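K.L.:
Pasting the sequence and the predicted coordinates here, then a few questions.
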Protein chains: 2
Amino acid sequence: MKRPILSAAIVMLSAFAQVASADEPIQPIKPPASINLGMAELGKKLYFDPRLSKSGFISCNSCHNLSMGGTDNIPTSIGDKWQQGPINAPTVLNSSLNVAQFWDGRAADLKAQAGGPIANPGEMAFSHTLALHVLESIPAYVREFNLVFGKSKITIDEVTQAIAEFEKTLVTPNSRFDQWLLGNKDALAKNEVEGYALFKDSGCVACHNGEAVGGNSFQKMGLVEPYKTTAAAQGRADVTGQDADRFNFKVPTLRNVEMTYPYFHDGAANTLTEAVDIMGRLQLGKKFTKEENAKIVAFLKTLTGDQPSFTLPILPPSTDATPRPTPFVK
Amino acid sequence: MKRPILSAAIVMLSAFAQVASADEPIQPIKPPASINLGMAELGKKLYFDPRLSKSGFISCNSCHNLSMGGTDNIPTSIGDKWQQGPINAPTVLNSSLNVAQFWDGRAADLKAQAGGPIANPGEMAFSHTLALHVLESIPAYVREFNLVFGKSKITIDEVTQAIAEFEKTLVTPNSRFDQWLLGNKDALAKNEVEGYALFKDSGCVACHNGEAVGGNSFQKMGLVEPYKTTAAAQGRADVTGQDADRFNFKVPTLRNVEMTYPYFHDGAANTLTEAVDIMGRLQLGKKFTKEENAKIVAFLKTLTGDQPSFTLPILPPSTDATPRPTPFVK
């Protein structure tokens, strides 16, 4: 990871963090700690490896594209055989800070999440067993798993653990807003500071707070006014079966939100202006003026942090023994 | 580009190249020269940008994946709406050394090639006009095009020129075979040198020669025995309309061939063992023994060079004015 400004940021963290952020509902993102680098490197390869899908075409990075804010920038994702996904792909950036994974929180953590899409018939359409057959047939992978986990046998546990370890590195510190929080008052322009004040005073921070500016609670979509959508997803109710949980979705992080369009669980809002307007009305019963909306949007754009910076991984080639992908077989 | 061994290789080049390679039908790959770095950086972004496709999901890198030898490792590619492509995606690695682009050579150079898939209804399914609308709506792109080309207006000419410039950087010097050619006789094992001798003596070098070990001529697929395939592609005949050109395909490069499976224009051969066997029989009227085949395969695997090494590009986000992709609209 090449983050030239990181060491400076760390110095600033120690000097200012408690002073600058203690009173604020949003905290600066901390660089990732306790990372197992060997495991993260292996996880990076797996994250980019489309051989974990039936077609050999879809990798984690297909829908959580690290060139594009950790998402695919389309309303709902494209799965095996161009199936239309039921929900907007949430960003993988800063996902380690989420209280749980998926919009409905059905996975407790990144490791639990990582196995889902591989075996989901509408996404990568493979199975854990078949994915392991592929990996076991590639000596370079077997050696790397052995190096990292000290075992010659690969199981799905190691696969998902490695992917999760890589994903833990995908945090985005050093946004202009964090620089401001950490004491650099020149980092924000006047309208951006005013946007932040509006964001706090209007109640947006009730849900969008903490390091990730969201991601740490479930809230009802359409609190004051109902949210109209054709998407079938019911949020937490799909997990708990409780009617009271209907439309309770995980509050998305607003970090890098300029890059993670379109917005909401159904991807129905194309622009931040739209999203802020809808959130104001439906969640807060508040109609922002054009000027207020523009200021909040200007503030939100200051939440774009340093994007993950790493060398594109080179994947070990398949061998004669590797099962071949079957993109066009039913 | 981070290539630690490159400077050493350059020194070796000057010292040994003429001595070592003059008598050999294969020449060491030279590192790319005369690269416009700003243009290549812009081209790298475009190469990874799926917004050049109708769906917002398919980029150049989808089918010419730089993590996987510059190809997609499936027999025929997946296009918009999961359409099955008619032909195997050739590797982009060292494609600047090709006499022409595409299996049938219908594009004279990389620049002419780059525009093809964007507008091909079976591939990225977009149009040049629509792709330009996307780029023009993103100020960061407009500025970068202006910086590189000195013009405020983007045309498809600049787009394809930038992609081609990036592709010119995708050469893979420093394979073990090249080290051997350049005088390091320890770089190859005995069976690999024997494989190279067989490759020369059997006549494989008649077509697979030069820097790219191929890519510099068109030859008939199925010279001694006919090649049986269900693929409709007719090779050069599709371009010239001449019956004599039927099944004349561009000879593929064998550089990095261990990574560019499956083989042939229809992707029908899964392994190098299969490919060598079929080539021997159909092109040379020669049935290689198991031992000969294994030696040739061992030689071919020494042709894997340094893979392109660069930081994954971060794409400038779309703006409110950017036309949105339409992955599920007919």
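P.N.:
That came through fine. Residues are numbered from 1 along each chain as shown, chains lettered A, B, ... in the order given.

K.L.:
Pull the number of nearby residues for the nearest residue to residue A:161 once chain neighbours are set aside.
P.N.:
Once flanking residues are discounted, residue A:161 sits nearest to residue A:111: 5.4 Å by Cβ to Cβ, 6 or more residues apart in numbering or on different chains. To be clear about C-beta, it is placed using only N, CA and C from the backbone, and glycine gets the same treatment. Counted with other Cβ atoms under 10 Å in any protein chain shown, residues neighbouring residue A:111 total 18.

K.L.:
Next: the one 10 residues further on.
P.N.:
Neighbourhood size, residue A:121 [other Cβ under 10 Å]: 13.

K.L.:
my guess is residue A:236 meets residue A:249, correct?
P.N.:
Yes: with contact defined as Cβ atoms under 8 Å, residue A:236 counts as touching residue A:249 (7.4 Å).

K.L.:
which stretches of the stretch 51-200 of chain A form strands?
P.N.:
A:78-79, A:83-84 (DSSP state E, counting those that start in this stretch).

K.L.:
and of those strands, who's closest to residue B:166?
P.N.:
Closest to residue B:166 of those, according to Cβ to Cβ: strand A:78-79, at 25.2 Å.

K.L.:
Can you tell me the strand partners of the closest one and which way each runs?
P.N.:
strand A:83-84 (antiparallel) (DSSP bridges).

K.L.:
so what's the residue in chain A that chain B sits nearest to up against?
P.N.:
Here chain A gets closest to chain B at one residue, residue A:82, 4.0 Å apart by Cβ to the nearest Cβ. Residues in contact with residue A:82 (Cβ atoms under 8 Å, 6 or more residues apart in numbering or on different chains) are B:81, B:82, B:327.

K.L.:
Also residue A:199?
P.N.:
So residue A:199 contacts A:205, A:208, A:296, A:299, A:300 (Cβ under 8 Å, 6+ apart).

K.L.:
Can I get the residues you listed in JSON lines including pLDDT and distance to residue B:279?
P.N.:
Formatted as JSON lines, those follow (pLDDT from 0 to 100; distance: Cβ to Cβ, whole Å):
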{"residue": "A:205", "pLDDT": "98", "distance to residue B:279": "67"}
{"residue": "A:208", "pLDDT": "98", "distance to residue B:279": "61"}
{"residue": "A:296", "pLDDT": "98", "distance to residue B:279": "64"}
{"residue": "A:299", "pLDDT": "98", "distance to residue B:279": "63"}
{"residue": "A:300", "pLDDT": "98", "distance to residue B:279": "58"}
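
K.L.:
now these as JSON lines including neighbour count, distance to chain B and secondary structure?
P.N.:
Converted to JSON lines, the contacts of residue A:199 look like this (neighbours: other Cβ atoms under 10 Å in any protein chain shown; distance: Cβ to the nearest Cβ, whole Å; DSSP: H, G, I helix; E, B strand; the rest coil):
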{"residue": "A:205", "neighbour count": "17", "distance to chain B": "24", "secondary structure": "helix"}
{"residue": "A:208", "neighbour count": "27", "distance to chain B": "19", "secondary structure": "coil"}
{"residue": "A:296", "neighbour count": "28", "distance to chain B": "15", "secondary structure": "helix"}
{"residue": "A:299", "neighbour count": "26", "distance to chain B": "16", "secondary structure": "helix"}
{"residue": "A:300", "neighbour count": "25", "distance to chain B": "12", "secondary structure": "helix"}
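
K.L.:
ok, these vs residue A:118, which is closest?
P.N.:
Distances from residue A:118 to the contacts of residue A:199, taken by Cβ to Cβ, are shortest for residue A:208, at 30.8 Å.

K.L.:
Next, give phi and psi for the closest one.
P.N.:
phi -100, psi 90 (degrees, to the nearest 10).

K.L.:
now the closest residue to it other than its chain neighbours: how far from residue B:157?
P.N.:
Distance criterion Cβ to Cβ, 6+ apart; nearest residue to residue A:208, sequence neighbours excluded, is residue A:214 at 4.5 Å. As defined by Cβ to Cβ, to the nearest Å, residue A:214 lies at a distance of 43 Å from residue B:157.

K.L.:
swap in residue A:308?
P.N.:
33 Å.

K.L.:
How about residue A:69?
P.N.:
30 Å.

K.L.:
Who has more neighbours out of these two?
P.N.:
Between residue A:69 and residue B:157, residue A:69 has the larger neighbour count (other Cβ under 10 Å), namely 25 against 12.

K.L.:
The more buried one reaches residue A:260, doesn't it?
P.N.:
Yes: Residue A:69 lies in contact with residue A:260 (Cβ under 8 Å); the separation is 4.6 Å.

K.L.:
any common contacting residues for these two?
P.N.:
What both residue A:69 and residue A:260 touch, as defined by Cβ under 8 Å, 6+ apart, is the set A:91, A:93.

K.L.:
who touches the residue nearest to residue A:106 when sequence neighbours are not counted in this structure?
P.N.:
Counting by Cβ to Cβ, 6+ apart, residue A:239 is the residue found nearest to residue A:106 once chain neighbours are left out, at 4.9 Å. Residue A:239 sits next to A:104, A:105, A:106, A:245 when contact means Cβ under 8 Å, 6+ apart.
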